[in-house]
Every structure is written in C-alpha cells, then in structure tokens.
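Chemist: Sequence plus predicted model, see below.
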Amino acid sequence: MKFGIEFVPNEPIQKLCYYVKLAEDNGFEYCWITDHYNNRNVYMALTAIAMNTNKIKLGPGVTNPYVRNPAITASAIATLDEISGGRAVLGIGPGDKATFDALGIEWVKPVTTLKESIEVMRKLLAGERVSFEGKVVKVAGAALAVKPIQKKVPVYVGAQGPKMLETAGMIADGVLINASNPKDFEAAIPLIKKGAEAAGRSMDEIDVAAYACMSVDKNAEKAKQAAVPVVAFIAAGSPPVVLERHGIDVEKVEKIREALKKGDFGTAFGTVDDAMLEAFSIYGTPDDVVEKCKKLAEMGVTQIVAGSPIGPNKETAIKLIGKKIIPA
Ligand SMILES: C[C@H](OP(=O)(O)OC[C@@H](O)[C@@H](O)[C@@H](O)Cn1c2nc(=O)[nH]c(=O)c-2cc2ccc(O)cc21)C(=O)N[C@@H](CCC(=O)N[C@@H](CCC(=O)O)C(=O)O)C(=O)O
C-alpha cells in the first residue's frame, strides 16, 4: 500500500513545506495539493514544496480543465517536473460547481472536457506540436518549449460519478476517489474496471487512491472529535446515492446543510453521528486506522491519501502514521 498526504493550501506555504518534508521523512510517497481559486495558488505551493523535498512525488490533487487552458496546465506540470527532478504527478478532476458558479464559468460537458484536455496535455508534455479540434477543447499548433524530465508524467483523475470513474479506468494512470469507506470502493472499482477493460487495459496499470478524511491520535476520542467538522462538510456535500449506501439519516444531513449555510457550526457539528463518521472518515488510534486501511486494501485500494484533518495535531499524526501505520 502506498501512502499519500493531502493539503489544502489555506495556511502559509512555509508551514506546508514543513509538513510535507516531515511526511517525506516519515515514508509518505505522494503529496497532493488541492486546487480551489480562493486558496493559495496550487502551483506556487507545489514549487515551494518541490524545492524543500527530495523524494516525495507531488502534484495538484486535483486541478480542473476549466480555470486554466490545458496548455497552461501542461506548462505548469512540465515546469514542476523540472524543478522537482522528475517527481511531478498531475491530478485533475472535473472541478466543482460551486467554484464555477462563483467564477462565472459554464460547466460544459465535464466528462468530454476532461478527456479531451488530458489528451491534449499528454501530447504537449510529450513534446508534440498539437492541433486538436475536439467537441470542447480546441488548440491549433500549440507546443511547449519546456520539456518534463519524466518521459510520461502520471495523470490521476479525481472522480466520483459513474461516468467519470469509467473514464478514469479508460485513460488514467491513477484515480483519486474522495472516499474513506470500503462500501464506496465496492461501488467504484467495478466501474473503473469496466472502463479499463473497454480500453484494453488492466487494473494493474491503475493506482486506486482513497482520498480520505483521516484523523489519527493515540487518544481515539480526540481523533474522533477532530474528524467531526470535516465529516459534517462531506455529509452535507454527499449525493443521495452515497447517503443511501451508508444508511445515513437524511434528515440529519439536511439539518447539517441548513446549519452550515447559516454558519451555525455548533449545530452542524453537533448533528454528526457515528454512522457519518464511519462512512466519511478513517479515524481512531493507529491500530484502529491500520484495520480500516487493511479493509480498503482488500477492496483493491492501492494508495491511501491522508486528507484533512490528518489528526488533532498534524505533526503528531504524520509521525504516528509514519511509525505505526505505513510499516504495518
Ligand atoms: C462531473 C461530475 O463528475 P464527478 O466525478 O462526480 O465530480 C465530483 C468531483 O469528483 C469533482 O467535483 C472533483 O473536481 C472534486 N475534487 C476537487 N475539486 C476541486 O475543485 N478542487 C480540488 O482540489 C478537488 C480535489 C479532489 C480530490 C479527489 C476527488 O475525488 C475529487 C476532488 C459528474 O456529475 N459526473 C457524473 C455525470 C457525468 C456528466 O456530467 N455527464 C454529462 C456530459 C457527459 C460529457 O461530458 O460528455 C451529461 O450527462 O450531460 C458521472 O460521472 O456519472
């Protein structure tokens, strides 16, 4: 099992560099930085991290094909690969509606847009001069003057919906699935497999990553409490099919949604129950977390990404994962 770590660049980049270096020293193999317009710039964060680390692979987790033209993303990834000495990975998903509404971007045909963007980016990163007349993406004689160090920069797709998961199976080197519970992979992996088989690919070529809400501490109750705020937001953003899959009380989720809208975090967090915590996070002592990671491995997960909050104390949690969970 590979371990990755996710950071939202919502605190000074210098602090992120410290955490990622600590993660690298504790055996994490991947660092994923989220990409939302309102946080610090994902590529500036990745550049600083690349210059402060030596081994960990790193990339956006995940960007999208709407806020930047595919050639701009390809240029950023090629530059990151050069700065990091060949450690860049490209995590890209369809983006989210809230972002595009706020930026006045029309969310046009996300599956097609993602597929076409990845095709153009891969050609550009391979050093080709690209002319492409797609249903959505169009380029006419574009070429990069910067070459990545890696012959082929791995492309991971951030996906949850069935069509997106199938598409990831068809074209991606990895899939980053925002989920923490085996039931979600029971549903997702057959779809990825369907896409892979349709493209004549094997699942061995695909790194299936659980992009999880993780909270680790020696004190199980402290770990649990630290997961509550993140779980509240995940529950509030989960589609009905996911709530049903986990037998989550829909009325409670509606109450959380309303409370979050009003900024009433006390009510929102106070409404989170154990079923939601089990469904939407991996929390507890290192031994608890090892057991949950083993269950994900049995489902076919090959990378576990420790996502927010990581633990009540990030530094302690990174060390606990490095010492007790990664080697297990
Ligand atoms: C588009 C959407 O795909 P989805 O995979 O469910 O998208 C949900 C999230 O994955 C998406 O919002 C991600 O960008 C969210 N996301 C992040 N989003 C961000 O904006 N920033 C991040 O940092 C980020 C990180 C992240 C990490 C892991 C992860 O799994 C997701 C992450 C969807 O609705 N898909 C459906 C419908 C597909 C569809 O849109 N079909 C269209 C058109 C088909 C076509 O495009 O040709 C249609 O039917 O009209 C499906 O897959 O079945």
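Modeler: Noted; the coordinates are in hand.

Chemist: Which pLDDT value goes with the closest residue to the ligand within the stretch 101-250 of the chain?
Modeler: Across the stretch 101-250 of the chain, no residue is closer to the ligand than Gly161, which sits at 2.3 Å (C-beta to the nearest ligand atom). Bear in mind the C-beta positions are built from the backbone N, C-alpha and C, glycine included. At Gly161, the model reports a pLDDT of 94.

Chemist: could you list every residue that touches it?
Modeler: Not one residue lies near Gly161 by C-beta atoms under 8 Å, 6 or more residues apart in numbering.

Chemist: Same question for Val8.
Modeler: So Val8 contacts 33-34, 36, 39, 308 (C-beta under 8 Å, 6+ apart).

Chemist: Tabulate those (CSV), appending secondary structure, pLDDT and distance to Tyr19.
Modeler: Compiled in CSV, these are given as follows (DSSP: H, G, I helix; E, B strand; the rest coil; pLDDT from 0 to 100; distance: C-beta to C-beta, whole Å):
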residue, secondary structure, pLDDT, distance to Tyr19
Ile33, strand, 98, 11
Thr34, coil, 97, 14
His36, coil, 95, 18
Asn39, coil, 96, 15
Ser308, strand, 97, 12
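
Chemist: Can you go through these and name the buried ones?
Modeler: Burial by neighbour count, judged by 16 or more other C-beta atoms under 10 Å, picks out 33-34, 36, 308 from these.

Chemist: pull the CA atoms of the helix or strand in which Lys123 is found into PDB?
Modeler: Element membership for Lys123 (DSSP states H and E) is helix 110-125. Taking C-alpha atoms only, helix 110-125 is exported to PDB below (Å, rounded to 0.1, in the frame of the first residue of the first chain):
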ATOM      1  CA  PRO A 110     -17.300  17.700 -17.800                       C
ATOM      2  CA  VAL A 111     -16.500  14.200 -18.900                       C
ATOM      3  CA  THR A 112     -15.700  15.200 -22.500                       C
ATOM      4  CA  THR A 113     -13.800  18.200 -21.400                       C
ATOM      5  CA  LEU A 114     -11.700  16.200 -19.100                       C
ATOM      6  CA  LYS A 115     -10.900  13.500 -21.600                       C
ATOM      7  CA  GLU A 116     -10.000  16.000 -24.400                       C
ATOM      8  CA  SER A 117      -7.900  18.100 -22.000                       C
ATOM      9  CA  ILE A 118      -5.900  15.100 -20.800                       C
ATOM     10  CA  GLU A 119      -5.300  14.000 -24.400                       C
ATOM     11  CA  VAL A 120      -4.000  17.500 -25.400                       C
ATOM     12  CA  MET A 121      -1.900  17.800 -22.200                       C
ATOM     13  CA  ARG A 122      -0.300  14.400 -22.700                       C
ATOM     14  CA  LYS A 123       0.700  15.300 -26.300                       C
ATOM     15  CA  LEU A 124       2.100  18.700 -25.200                       C
ATOM     16  CA  LEU A 125       4.100  17.000 -22.400                       C
END
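
Chemist: Show me what it is packed against.
Modeler: helix 70-83, strand 90-92, strand 130-133, strand 138-142, strand 155-158, helix 162-171 (3 or more C-beta pairs under 8 Å, 6 or more residues apart in numbering; DSSP states H and E).

Chemist: Give the other helices and strands that the longest one contacts.
Modeler: Okay, so that is helix 70-83. So helix 70-83, by 3+ C-beta pairs under 8 Å, 6+ apart, packs with helix 42-51, strand 57-60, strand 90-92, helix 110-125, strand 138-142.

Chemist: Let me know the secondary structure of Ala102.
Modeler: Of the three states, Ala102 takes helix according to DSSP: H, G, I helix; E, B strand; the rest coil.

Chemist: Not counting sequence-adjacent ones, nearest residue to it?
Modeler: Ranked by C-beta to C-beta, 6 or more residues apart in numbering and with sequence neighbours excluded, the top spatial neighbour of Ala102 is Tyr37, at 7.4 Å.
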